[in-house]
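K.L.:
Take this sequence and fold it.
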Amino acid sequence: MSNPTVIEVVGESPAALAGLTLGDEVVAVNGIVPADVIEYQQLIDDPDPELTVRNPDGERLVMLTKGPGEPLGLRLSSSIFDRVQTCDNHCEFCFIYQLPPGMRKTLYLKDDDYRLSFLYGNFTTLTRFTELDLARVVEERLGPLYVSIHATDPGTRTRMLRNPRGATSLRWLRALLEHDIEVHGQIVLCPGINNGAVLEQTAAEIVARYPKLASVGIVPLGLSRYNTEPALRVHTAEDARSDLDIVHAWQEEALNRLGKRMFFASDELYLVAGVDLPAAESYEGFAQHENGIGMVRAFADELASLEGGTSSSLPVLTGEWRTIPSAPGEGYRAPRHVGDDPVAGEGTVGIVTGRYGAQALGPLLHRLEALAKRPLRLVPIENRFFGGNTAVAGLLVGADIIDMLAADTDPPARYLLPDVALSGDRFLDDVTLDEVRRRSPVPIIVTPATAGGLIEGAAA
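P.N.:
The predicted structure follows:
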């Protein structure tokens, strides 16, 4: 058990008025040692809780005055206080196995913890799920959860997870759905392993056996240059078109049988296939937007709304950490950009992005220029750090951007950098935004990866 520490105290909140400060360790609430931020939040939602806290001066009991459900005004350093349930699968396609050595330790942590699925939208295979976990999820209604399915055939799933429990762990998925827990599924498509006929079988069995699934995202395998699995290969355009045909057919089947499309393919499959993306209504609320499903369509529709003088509502982040005030932003929810942006001059604006981003933004560039009232040009960056087919903006690293700056002999007046490439102003390769800015001849502005964010960054 590791006690969480206070990393934020809201001014004039019950916590501030009681004298709690940054760095205080939270040992217990009302005499109970919580296992995670979910249990902690439930305890502090009671009126007038008592916190046992510890700092270098010793341990003390803090009496707080607050109403039931009133925010305490604290944010903690971690979400899991006992121990993160690590993953005991050895999936051949796991991207963690494809990371280069020497990166920060947290990037190599494989979790398979349903609590992180609930809090942050992480996908779990359920191979370490237990009766006790099920009882808690059902009693506390911890949904939505996010489950990696990959294949429903027991033999195929066991092979993909390299874990004999892969053959049986989907029984927990059935149990969750039978108790009306909202669950979203995911299939990582590996050509020659679980696409084609296996995908057909998986889709058929999902419709028949797991009809209460809220959605199933279908994403292609990502390979870096550090992959050591000879059986793995990326999608060809023909593979992608064939798998999209299967997805579309089962969308229609699910719509006819269940009243919902159920299956949603990632933007990457459409881009690789060279096929137009579906209309917004086909995404049925963009339930897996953060999984790279519908991002391009949502961006295009947001742009159309801005052209019409209105603002569109963007898809909501998955996971529940935003409704649990004490939970820190971790992983994909970590603060992206925490500093101030420099003042930029007039002139052409360069949009830094990955290869897929350039493919999606290219047809929209003239429309973005009209709203920004600035000339724009795309600055696609080849991901040499990871290599393979890693072409999304969220995996851009500082070293590759620095190389781009050196090669750009006619720099624009400013560069726009998508915030999805950052975590606390640090890239995945541990290069900082400040380091990149020092190498740039012009200002670098960090913008949200939205149409509105891009236009605002270009026009400022």
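
K.L.:
Low-confidence ranges, the stretch 301-450 of the chain, go.
P.N.:
332-333 (pLDDT under 70).

K.L.:
for it, what spans make up the strands?
P.N.:
Here the stretch 301-450 of the chain has its strands, by DSSP state E, counting those that start in this stretch, at 349-353, 376-380, 414-418, 444-447.

K.L.:
Grab the nearest non-local neighbour of residue 383.
P.N.:
Distances taken as Cβ to Cβ, 6 or more residues apart in numbering put residue 390 closest to residue 383, at 4.7 Å, once the chain neighbours are dropped. Glycine gets a C-beta too; all of them are placed from N, C-alpha and C.

K.L.:
From residue 247, how far off is the one you found?
P.N.:
Note on residue 390: its distance to residue 247, by Cβ to Cβ, to the nearest Å, is 23 Å.

K.L.:
Determine the number of other residues adjacent to the residue nearest to residue 383.
P.N.:
Residue 390: 23 surrounding residues under other Cβ atoms under 10 Å.

K.L.:
picking that back up, kindly reformat the strands of the stretch 301-450 of the chain as JSON lines and extend each row with mean neighbour count.
P.N.:
Compiled in JSON lines, the strands of the stretch 301-450 of the chain are given as follows (neighbours: other Cβ atoms under 10 Å):
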{"stretch": "strand 349-353", "mean neighbour count": "25"}
{"stretch": "strand 376-380", "mean neighbour count": "17"}
{"stretch": "strand 414-418", "mean neighbour count": "26"}
{"stretch": "strand 444-447", "mean neighbour count": "21"}
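
K.L.:
next one: phi and psi at the nearest residue to residue 419 once chain neighbours are set aside?
P.N.:
With sequence-adjacent residues excluded and distances taken as Cβ to Cβ, 6+ apart, residue 419 is closest to residue 336, at 3.9 Å. Phi and psi for residue 336, reported as degrees, to the nearest 10, are phi -80, psi -60.

K.L.:
Contact partners for residue 336?
P.N.:
Listed by Cβ atoms under 8 Å, 6 or more residues apart in numbering, the contact set of residue 336 reads 419, 420, 422, 423, 424, 425, 446.

K.L.:
any idea of the mean pLDDT for stretch 121-134?
P.N.:
For stretch 121-134, mean pLDDT rounds to 96.

K.L.:
buried ones in it?
P.N.:
Buried residues in stretch 121-134, defined by neighbour count with 16 or more other Cβ atoms under 10 Å: 121, 122, 123, 124, 125, 126, 127, 128, 129, 133, 134.

K.L.:
Could you count how many residues lie near residue 58?
P.N.:
As a burial measure, residue 58 scores 7 neighbours (other Cβ under 10 Å).

K.L.:
What's opposite it in the beta bridge?
P.N.:
Counting by DSSP bridges, residue 58 is bridged to residue 55.
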